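> Have a look at this fold, sequence not included:
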């Protein structure tokens with residue numbers, strides 16, 4: 001049985017078991033959800049323990065691990081500016097459109113209160129954000145190790161980025177030793193994550209069972225409605241790529257759609273932009289895009305550029321807040337969208353990889369980290385749409401840059 005099928009099985013058993021439990025009038029078994037819930041918390045903690053070393057290793061190997069000049073020099077200013085602009089647009093779209101749609105979901109306030117109480121002891125963060133002055137000063141960490149221990153991810157990433165850029169200025173042999181060390185950490189983290197994801201059906205069952213036991217039959221409707229909303233948002237934003245290819249890349253709409261379709265299908269079915277990379281190269285060749293452009297842009301885009309991830313992950317975070325009855329201010333909604341947009345550049349290139357690095361956002365805002373497990377449980381369909389959108393954006397970027405380079 002595939003990993004996706006096993007995760008779906010865990011989700012289905014958790015929903016069916018939890019809903020069945022909610023329909024029973026068995027006071028003797030009333031503590032069953034609270035007995036199962038710690039298993040899910042343990043699984044989420046296992047994911048959280050990989051976040052800091054994985055983020056640092058990904059960033060250092062991406063910036064300093066690409067030859068003498070590094071990935072930043074290879075990309076060039078225009079390419080990086082395009083990547084950043086499209087991620088900003090994706091994050092802003094999520095911030096403006098997702099909250100009112102998520103607010104339309106019908107979630108029982110009493111059920112939300114019970115869910116929040118059940119996780120209150122495990123929410124180590126606070127929903128109160130620091131004043132802007134304090135936040136700005138804290139961006140440069142006095143002690144990077146302390147920042148890592150405190151889950152202060154943005155200051156830690158700033159330090160890591162500066163450290164990576166500094167590595168480019170030292171001797172090749174010395175840099176290769178450091179990059180090799182962090183490359184080994186990255187590969188080790190991937191192995192550890194694979195072990196953790198092997199236990200995903202059990203962890204997801206333990207997360208979904210208490211949720212379904214609390215929400216009852218409405219759990220299916222709520223989760224299904226969320227999937228429809230977020231997939232519709234991703235599809236709408238993906239369609240916006242076609243005019244960019246037509247008007248900026250000067251490619252005929254029919255030609256672009258036909259060339260892109262095979263790569264989209266592969267990305268959708270495999271949930272892996274890397275698996276769709278050969279089809280992306282074929283699409284660029286069909287469209288007459290220069291190999292000098294596609295040969296650099298596409299591999300870099302697969303590594304760094306997660307176009308639709310901010311939409312899916314930001315909407316998911318808003319959904320978790322709504323599910324647990326947590327009211328977020330506009331400022332907090334904006335910070336969530338901005339932080340997830342930034343982290344999308346460093347998410348691992350594996351199915352649902354963007355969800356694995358969201359724990360610091362949840363901790364800093366006092367959101368239940370168990371919500372990440374719930375999102376993983378329903379992420380199969382969402383991640384299919386995200387990957388297809390990412391693949392579409394990769395080819396679109398190559399088309400735009402090929403025209404600019406002409």
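It's in. Note that the structure is predicted; figures quoted are calculated from it, not measured.

> Now residue 42. Nearest residue, chain neighbours left out?
Residue nearest to residue 42 in three dimensions, not counting chain neighbours: residue 203, with 7.6 Å by C-beta to C-beta, 6 or more residues apart in numbering. Placement of C-beta: from N, CA and C, glycine included.

> Which strands and helices lie in contact with the one helix or strand that neighbour maps to?
Using DSSP states H and E, residue 203 maps to helix 200-215. Other elements packing on helix 200-215 under the criterion 3 or more C-beta pairs under 8 Å, 6 or more residues apart in numbering; DSSP states H and E are helix 3-23, helix 32-48, helix 109-119, helix 218-239, helix 370-377.

> Name the residues of the longest one that come out as buried.
The one in question is helix 218-239. The neighbour-count criterion (16 or more other C-beta atoms under 10 Å) identifies 218-219, 222-223, 225-227, 229-231, 233-234, 237-238 as the buried residues of helix 218-239.

> re the thing from before, can you tell me which of the helices and strands packed on helix 200-215 comes nearest to residue 337?
helix 218-239 (12.5 Å; C-beta to C-beta).

> That closest one: what's the following helix or strand?
Moving toward the C-terminus from helix 218-239, the first helix or strand encountered (DSSP H and E) is helix 241-247.

> what distance separates the helix or strand following that following helix from the middle of the whole chain?
Following helix 241-247 in sequence order, the next helix or strand is helix 253-270 (DSSP H and E). Averaged C-alpha coordinates place helix 253-270 at 22 Å from its chain's average position (C-alpha atoms, centre = their mean, to the nearest Å).

> Give the buried residues for the next helix or strand after helix 253-270.
Per DSSP H and E, the first helix or strand lying C-terminal to helix 253-270 is helix 277-286. Burial within helix 277-286, assessed by neighbour count using 16+ other C-beta under 10 Å, is assigned to 277, 279-281, 283-284.

> do stretch 89-100 as well
Of the residues in stretch 89-100, those buried under the neighbour-count criterion (16+ other C-beta under 10 Å) are 90-91, 93-95, 97-99.

> which among these gets closest to residue 160?
Using C-beta to C-beta, residue 91 comes nearest to residue 160 of those, at 21.0 Å.

> Let me see the mean pLDDT of the host helix or strand of that closest one.
Taking DSSP H and E as the criterion, residue 91 maps to helix 70-102. When the per-residue pLDDT values of helix 70-102 are averaged, the result is 80.

> Same question for stretch 269-283.
If you average the pLDDT values across stretch 269-283, you get 78.

> Endpoints of that stretch, how far apart?
When the termini of stretch 269-283 are compared using C-alpha to C-alpha, to the nearest Å, they are 17 Å apart.

> who touches that stretch?
Among residues not part of stretch 269-283, those counted as contacts by C-beta atoms under 8 Å, 6 or more residues apart in numbering are 4, 259-260, 262-264, 266-267, 294, 298-299, 302, 349-352, 380, 383-384, 387, 390-391, 394-395, 398.

> List only those of those flagged as buried.
The neighbour count (16+ other C-beta under 10 Å) marks 4, 259-260, 262-264, 266-267, 294, 298-299, 302, 349, 351-352, 380, 383-384, 387, 390-391, 394-395, 398 as buried among the contacts of stretch 269-283.

> Spit out the contact partners of residue 160.
If a contact means C-beta under 8 Å, 6+ apart, then residue 160 has 55-56, 59-60, 144 as its contacts.

> again, only this time at 10 Å
By C-beta atoms under 10 Å, 6 or more residues apart in numbering, the residues touching residue 160 are 55-60, 63, 144, 147-148, 153, 182, 346.

> which one among these gets closest to residue 163?
Distance to residue 163 across the contacts of residue 160 (C-beta to C-beta) is lowest for residue 60, with 7.0 Å.

> so what's residue 212 closest to, chain neighbours aside?
Across the structure, with C-beta to C-beta, 6+ apart as the measure, the residue nearest residue 212 apart from its sequence neighbours is residue 18 (2.5 Å).

> So what's the residue count around the one you found?
When counting by other C-beta atoms under 10 Å, one arrives at 24 neighbours for residue 18.

> I'd guessed it sits against residue 223; true?
No. With contacts defined as C-beta atoms under 10 Å, residue 18 does not count as touching residue 223, sitting 11.5 Å away.

> distance of residue 299 from residue 328?
When distances are taken as C-beta to C-beta, to the nearest Å, residue 299 and residue 328 turn out to be 37 Å apart.

> what about stretch 292-299, average pLDDT?
Mean pLDDT, taken over the full extent of stretch 292-299, equals 74.

> Pull the number of nearby residues for residue 388.
Residues near residue 388, counting by other C-beta under 10 Å, number 25.

> And it, which helix or strand is it part of?
helix 379-405.

> chain center to that helix: distance?
Helix 379-405 has its average C-alpha position 15 Å from the chain's average C-alpha position, going by C-alpha atoms, centre = their mean.

> Now do that helix against helix 370-377, angle only.
With axes from the mean of the first three to the mean of the last three C-alpha atoms, to 10 degrees as the basis, helix 379-405 and helix 370-377 are set at 80 degrees to each other.

> Just the angle for helix 379-405 relative to helix 200-215, thanks.
For helix 379-405 against helix 200-215, the angle by the same axes, to 10 degrees is 110 degrees.
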